[in-house]
Structures are given as structure tokens and as C-alpha cells.
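> Structure, please.
(one chain, ligands or ions: 3)
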Amino acid sequence: MNELNRRKQDVCGTRARYMNAGCRCDLCRAAWAAHQIEANKSRRERLADTTAVEHGKATTYANWSCRCEPCKAAHSVVMRQQAQSRKDRLAADPSIVEPGRAATYQGWGCRCEPCKAAASAYEAGRYERKKARRETS
Ligand SMILES: [Zn+2]
Ligand SMILES: [Zn+2]
Ligand SMILES: [Zn+2]
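Ligands and ions are numbered 1, 2, ... in the order given. This next block holds a predicted model:
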């Protein structure tokens, strides 16, 4: 760490002290927040300059939080592909998942009997838990 950083993090009200020294006093938090706002603003400005990022890409959706139509479309394509590849992997080798689990039913789209049973038991349990909470409150 260089001399400048060391001095910075000894003084409250700097981002360096917030990050490096872990100080969470009001001054340091304010300095951190101000930096975040600036960083977000410059990201947005760079994003507004459509030549800076390539749209219609899932990475732009994820990294830049861009929600323009082409980026949203690219993102949903990737999502579908991931779901499909999970399904394919499952079809090729059902032993990669643990059968009879609600997570297997939901996450992998497995519709075998044990998974279906686990998922409906999970749903029923959720309903029961909700009801119980309503009755106690
Ligand atoms: Zn501080
Ligand atoms: Zn976009
Ligand atoms: Zn299953």
C-alpha cells in the first residue's frame, strides 16, 4: 500500500477509510455513498452512450443492468438455453440429481413421480405454514 492510501485511510470521511480500515462512521459512510452515486451515474452515462456497450447481449443485461428490449431478449434466450441444457443433462443421466426433492422438481424440471410428490408435499407444507402463521398472529 502506498503512502497516500495509508494517509487517506487514517482520516474519516474518505472512501479509503471505509473500504480499507472498515470504518462505518457517518463521515465515512457518506463518502462511500457519494462515491457509489458517482459510480452509478458514470455507469449510466456510459450506458446511455450506446456505442460504449453492445446491446442485445446477455452480458450487457447482467453487467450493465440494461433492460432494453434487445438485451432482455438475449437474456431470456440464455435463460431458456440453460433450462434446456439442464433438462438435456437430466435426460441423459438422471442420476445427476437427487430424486424425490422439490428442488429437483423446480430447478431441474424433473417430473418423475418422487419429485412430483416431493414438490406437492412442499407446496402443501408451505400452505400449512402460512395458515399456521395466520392463525397464531
Ligand atoms: Zn470514519
Ligand atoms: Zn441494452
Ligand atoms: Zn425426479
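> Poorly predicted segments of the chain, please.
Within the chain, the set of residues satisfying pLDDT under 70 comprises 1-6, 50, 137.
> Buried residues, stretch 14-28. List them.
Residues of stretch 14-28 classed as buried by neighbour count (16 or more other CB atoms under 10 Å): 14-19, 23, 28. For glycine as for every other residue, the C-beta is placed from the backbone atoms N, C-alpha and C.
> whoops, stretch 126-137 was the one
The neighbour-count check on stretch 126-137 (16+ other CB under 10 Å) flags nothing as buried.
> distance between it and the chain's centre?
Per CA atoms, centre = their mean, to the nearest Å, the displacement of stretch 126-137 from the mean C-alpha position of its chain is 29 Å.
> Start the count at 43 instead of 1 going forward.
OK, 43 is where the count begins now, so the last one is stretch 168-179.
> Tell me which residues touch residue 93, please.
Contacts of residue 93 were listed using CB atoms under 8 Å, 6 or more residues apart in numbering, and none were found.
> returning to what we had before: out of the buried residues of stretch 56-70, what pair is the most spread apart?
Across those, the two members that end up farthest from each other (CB to CB) are 57 and 65, 10.5 Å apart.
> where along this protein do the strands fall?
The residue ranges that make up strands in the chain, judged by DSSP state E, are empty, as it has none.
> Write out the residues of it neighbouring ligand 2.
Within reach of ligand 2 by CB under 5 Å from the ion, the chain has these residues: 97, 108, 110, 113.
> about what we covered before: so which of the buried residues of stretch 56-70 also contact ligand 1?
When the buried residues of stretch 56-70 are filtered against ligand 1 using CB under 5 Å from the ion, the residues retained are 65, 70.
> Would you report which members of the buried residues of stretch 56-70 are assigned to helices?
With helices taken from DSSP state H, the overlap with the buried residues of stretch 56-70 comprises 57-58, 70.
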